[in-house]
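Peer 1: sequence and computational prediction follow.
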Amino acid sequence: MGEKPKKDKEKSKLPFGRKNYLVFALGIFVIVVGYIFLAHGSITIAPILLVLGYCVIIPLSIIVRDKKEDQSEKPIP
């Protein structure tokens, strides 16, 4: 009637690893530097850095996976 689902005793993994956070931090750094250049009046390097940070590095930080994580997730036949 009102049975609760059994909880798995497996250790839950975070979806992102150390590599993801490092790439994300790099993206934030590039964005901050872009805004600093923008504040100083640069109209060439600032937009390049901002587009690179927002459109390349941040999405890359979501996509990137560690090789050892990929190997550990594969089932052993």
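Peer 2: In hand now; what should we look at? Numbering: from 1, shown residues only.

Peer 1: and the most centrally placed residue in the chain, what element?
Peer 2: Compute the mean C-alpha point of the chain, and by Cα atoms, centre = their mean the closest residue is Ser61, 2.9 Å away. According to DSSP states H and E, Ser61 maps onto helix 58-63.

Peer 1: show me what counts as buried in that helix.
Peer 2: Neighbour-count burial for helix 58-63, with 16 or more other Cβ atoms under 10 Å as criterion, is recorded at Ile58, Ser61. (Each C-beta comes from the backbone N, C-alpha and C, glycine too.)

Peer 1: list the contacts of it.
Peer 2: Phe16, Asn20, Tyr21, Val23, Phe24, Leu26, Gly27, Ile28, Ile31 (Cβ atoms under 8 Å, 6 or more residues apart in numbering).

Peer 1: so for it, what's the average pLDDT?
Peer 2: Helix 58-63 shows a mean pLDDT of 95.

Peer 1: return it as CSV; C-alpha atoms alone will do.
Peer 2: Below are the C-alpha coordinates for helix 58-63, written out as CSV (Å, rounded to 0.1, in the frame of the first residue of the first chain):
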residue,chain,number,x,y,z
ILE,A,58,31.8,27.4,-20.2
PRO,A,59,29.9,25.0,-22.4
LEU,A,60,33.1,23.0,-22.8
SER,A,61,33.3,22.7,-19.0
ILE,A,62,29.9,21.0,-19.0
ILE,A,63,30.8,18.6,-21.9
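
Peer 1: regarding the nearest residue to Leu50 once chain neighbours are set aside, what is its secondary structure?
Peer 2: Leaving aside its chain neighbours, Leu50 sits nearest to Gly34 (4.0 Å; criterion: Cβ to Cβ, 6 or more residues apart in numbering). Assigned state for Gly34: helix (three-state reduction, DSSP: H, G, I helix; E, B strand; the rest coil).

Peer 1: ok, which stretches of this structure are helices?
Peer 2: Along the chain, counting by DSSP state H, helices occupy 18-39, 45-52, 58-63, 67-73.
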